[in-house]
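Undergrad: I would like to see how this sequence folds:
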Amino acid sequence: MKVEIWSDVMCPWCYIGKRKFEKALEQFPQKERIEVEWKSFQLNPDMETDPNKNIVDYLVEAKGITTDHATQMLDNVTNVAAEVGLDYHMEKAVLANSFDSHRFIQFAKKNRKGDAAEEQLFHAYFTEGKNTADHNTLIDLGVKIGLDAGEVKSVLDSNQFADDVRKDIYEAQQVGARGVPFFVLDRKYAVSGAQQTETFLGALQKSFQEWEKENPAPIQTYAEGDSCTTDGVC
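TA: You can find the predicted model right below:
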């Protein structure tokens, strides 16, 4: 059964949601029959990459809130992240347009490394304070997950996978995603936001129960012995 997750690299709740969903999946008895696919979403497509501007200043300008309010928001999400084992350093976050990082994820998905790419990008952005729009940063992250540096560079230097990113963003509108993280299970049930592990587990159980009725597990051979076949061989 497929679980699609729409996410953006710069979304702090997406990383938290990833951890909570992973914990639910660990507890799910049929986890080997779950396929997870990460989908692209941009919270701010027009954002200009600016390593010299901190996230507090961005929130003050973009949302029209006070510095104290912005700081309080970041402290809150940092504390929630810590509860699931994540070490956020929002003061180091680099404002970066996420389009190229999504192209990088699409390339990683093609090589069956989509989840690893998401993990590395989240860690780079929220913990290490790296510029996730910088091509050299993305190449280094690609090498970490086993991708070829030359191939990653070739992708980033071109316009490859741009249409894949746009397709995911369009699909997000079709399934009702207005924000991220947004989880869609078997294209039947949606879970919006970084819900509790128990909520994810319940959604997995309900959707899988219905999916399994239409997709029963193949019969596995327990033992083989002497027999006769339809062609008359015994």
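
Undergrad: going forward, measure contacts and count neighbours with C-alpha atoms only.
TA: Will do.

Undergrad: On the strand side of things, show who the most centrally placed residue in the chain bridges to.
TA: Note on the chain: the residue nearest the mean C-alpha position is Trp38, at 4.6 Å, using Cα atoms, centre = their mean. Legend: beta-bridge partners of Trp38 under DSSP bridges are Ile5.

Undergrad: can you tell me how far it sits from Gly150?
TA: Using Cα to Cα, to the nearest Å, one gets 24 Å for the distance from Trp38 to Gly150.

Undergrad: Same question for Ala93.
TA: 27 Å.

Undergrad: So for these two, which sits in the more crowded spot?
TA: In this view Ala93 and Gly150 are compared by other Cα atoms under 10 Å, and Ala93 has more residues nearby, 23 against 12.

Undergrad: Pretty sure the more buried one sits against Phe122.
TA: No. Using Cα atoms under 8 Å, Ala93 is not in contact with Phe122, being 10.7 Å away.

Undergrad: was I right about the residue nearest to the centre of the chain contacting Trp6?
TA: Yes. Between Trp38 and Trp6 there is a contact at 6.1 Å, judged by Cα under 8 Å.

Undergrad: Name the residues contacting each of the two.
TA: Residues touching both Trp38 and Trp6 by Cα atoms under 8 Å, 6 or more residues apart in numbering: none at all.

Undergrad: which ones are touching Pro12?
TA: Val77, Phe126.

Undergrad: got the CA positions of the helix or strand encompassing Asn79 in PDB?
TA: Here Asn79 sits within helix 67-83, counting by DSSP states H and E. Extracted in PDB, the C-alpha atoms of helix 67-83 (Å, rounded to 0.1, in the frame of the first residue of the first chain):
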ATOM      1  CA  THR A  67      10.400  39.800  16.800                       C
ATOM      2  CA  ASP A  68       9.300  38.400  20.100                       C
ATOM      3  CA  HIS A  69       6.400  36.500  18.500                       C
ATOM      4  CA  ALA A  70       8.700  35.100  15.800                       C
ATOM      5  CA  THR A  71      11.200  34.000  18.400                       C
ATOM      6  CA  GLN A  72       8.500  32.400  20.500                       C
ATOM      7  CA  MET A  73       7.200  30.500  17.500                       C
ATOM      8  CA  LEU A  74      10.700  29.100  16.700                       C
ATOM      9  CA  ASP A  75      11.300  28.200  20.400                       C
ATOM     10  CA  ASN A  76       8.000  26.300  20.400                       C
ATOM     11  CA  VAL A  77       8.800  24.200  17.300                       C
ATOM     12  CA  THR A  78      12.300  23.600  18.600                       C
ATOM     13  CA  ASN A  79      11.000  22.200  21.800                       C
ATOM     14  CA  VAL A  80       8.500  20.000  20.000                       C
ATOM     15  CA  ALA A  81      11.200  18.700  17.700                       C
ATOM     16  CA  ALA A  82      13.300  17.800  20.800                       C
ATOM     17  CA  GLU A  83      10.500  15.600  22.000                       C
END
